[in-house]
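> Pasted the sequence and its predicted model underneath.
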Amino acid sequence: SSSSSVTGAFAYEPQETQVDVDEVDGEQQRSSSKVVFFKRNRSSFNDELRVKNKIKRKEQQAACAVERMQPREQQQQQQQQQQVEAQQRSNAHARREVVLRLAREERQKERDAAAAKERNGNIFYFEKTRNAANY
């Protein structure tokens, strides 16, 4: 290595341009060992994943088995209950719709009646005044 004279804050050391072959070799070996380590890590991670998935699958299978062990009758009862609830919900919805429709129609009738009354009133008033003018 060459000695350098430090001048001020910007001390600069000229680097050797020639590189040892062994050093490069060592660098390569180091990087390749890194790759191997990474591969090993990844494979162990995959193994863990595989184990986790296997456990999950087993748990799901166990849950399914438990469900299968439940008597069919109970399941049917549950389904019926759900159907009944759904029916009730839809009935309530339909009832609400009907009530709203009737209310709308009622309001419309009232509006029509009011409009007709106003028209008739005007006509009646007009008739009265015309008749009065005739007499």
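Thanks, I have it. What you see is a predicted model; the values in this text were computed from it and never measured. Numbering: from 1, shown residues only.

> which helix is the longest one in this structure?
Longest helix in the chain, counting residues (DSSP state H): helix 72-134.

> For that helix, what does the pLDDT average out to?
Here helix 72-134 scores 82 as its mean pLDDT.

> And it, what does it pack against?
With contacts defined as 3 or more Cβ pairs under 8 Å, 6 or more residues apart in numbering; DSSP states H and E, helix 72-134 has no helix or strand neighbours. C-beta: built from backbone N, CA, C; applies to glycine.

> the domain parsing of this structure - what is it?
Annotated domains of the chain cover 20-69, 88-129 [automatic domain parsing].

> burial measure for E97, as a count.
10 (other Cβ atoms under 10 Å).

> quick one: it from Q83, how far?
21 Å (Cβ to Cβ, to the nearest Å).

> cool, L49 as well?
41 Å.

> do the same with V51
42 Å.

> do N53 as well
Distance from N53 to Q83, by Cβ to Cβ: 36 Å.

> what does S44 give?
For S44, the distance to Q83 - Cβ to Cβ - is 50 Å.

> How about F45?
F45 is 47 Å from Q83, by Cβ to Cβ.

> same question, Q60
Counting by Cβ to Cβ - Q60 and Q83 are separated by 27 Å.
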